[in-house]
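*Asks:* quick one: sequence plus predicted model below, questions after.
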Amino acid sequence: MVDIGPSLGTALWRKQLDDRAQHVLKEIVDADILVIGAPTYKGSYPGLFKHLVDLIDPQELRSKPILITATGGGDRHALMVEHQLRPLFGFFMAHTLPTAVYASDRDFADYAVSSEQLVKRIDEAVCEVGAFFPTTTANRAAAE
Ligand SMILES: Cc1cc2nc3c(=O)[nH]c(=O)nc-3n(C[C@H](O)[C@H](O)[C@H](O)COP(=O)(O)O)c2cc1C
């Protein structure tokens, strides 16, 4: 997690971002895989989160694997990941992983995940990442 700084809120175009924010945007669009996480605000993602996404060109996330995650104060808006985040990245023609992860305040204790169910769901989602990075002899050799 990084602080993108104050220029995000005032930039209408990407070129208006300061260097720090431009760098964060570049890291996002250059990543092999994205784990997107947002708190739930009024049943959806926060406005400033959407503003960050608005500064990304549609082509830049095309086919990118994305694990979508969200937190909320309770379970009432657990489908926020399916009804808000998934369609948003559908617009970009990204590959959102089939398993999305939603967690509420009671899934955490001392800033760590304390729910077994949540750990299982995170494991499921992480396993799905494997489909995008098949272990072939060729890329195993390249990694060595
Ligand atoms: C303005 C505002 C609106 C919120 N709306 C919701 C909501 O609609 N549903 C919900 O489950 N939690 C809601 N919450 C609670 C946050 O989602 C929750 O505190 C947050 O996910 C915790 O993550 P954080 O510690 O990273 O902020 C809201 C919080 C704020 C500040």
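*Replies:* That came through fine. As the structure is a prediction and not an experimental result, all values here were calculated from the model.
*Asks:* quick one: secondary structure of the residue most central in space within the chain?
*Replies:* The residue lying closest to the centre of the chain (CA atoms, centre = their mean) is residue 36, at 0.9 Å. Judged by DSSP: H, G, I helix; E, B strand; the rest coil, the three-state class of residue 36 is strand.
*Asks:* quickly list what the residue in the chain that the ligand sits nearest to is bridged to.
*Replies:* Shortest the chain-to-the ligand distance, computed as CB to the nearest ligand atom: residue-wise this is residue 72, at 2.8 Å. From N, CA and C alone the C-beta is placed, and that goes for glycine too. Beta-bridge pairing of residue 72 under DSSP bridges involves residue 104.
*Asks:* what's the burial count for residue 44?
*Replies:* Here the count is done by other CB atoms under 10 Å, and residue 44 has 17 residues near it.
*Asks:* can you list the low-confidence ranges for this structure?
*Replies:* Within the chain, the ranges that satisfy pLDDT under 70 run 136-144.
*Asks:* how about the helices in it?
*Replies:* When assigned using DSSP state H, the helices of the chain occupy the ranges 7-10, 19-30, 47-54, 80, 86-91, 116-129, 137-143.
*Asks:* would you convert those helices into a markdown table that also reports mean neighbour count and distance to residue 66?
*Replies:* Converted to a markdown table, the helices of the chain look like this (neighbours: other CB atoms under 10 Å; distance: least, CB to CB, whole Å):
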| stretch | mean neighbour count | distance to residue 66 |
| --- | --- | --- |
| helix 7-10 | 14 | 20 |
| helix 19-30 | 14 | 10 |
| helix 47-54 | 14 | 11 |
| helix 80 | 24 | 15 |
| helix 86-91 | 14 | 5 |
| helix 116-129 | 13 | 10 |
| helix 137-143 | 9 | 21 |
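*Asks:* out of those helices, nearest to residue 98?
*Replies:* Distances from residue 98 to each of those were compared by CB to CB, and the smallest falls on helix 116-129, at 6.0 Å.
*Asks:* chain center to the closest one, what's the gap?
*Replies:* 15 Å (CA atoms, centre = their mean, to the nearest Å).
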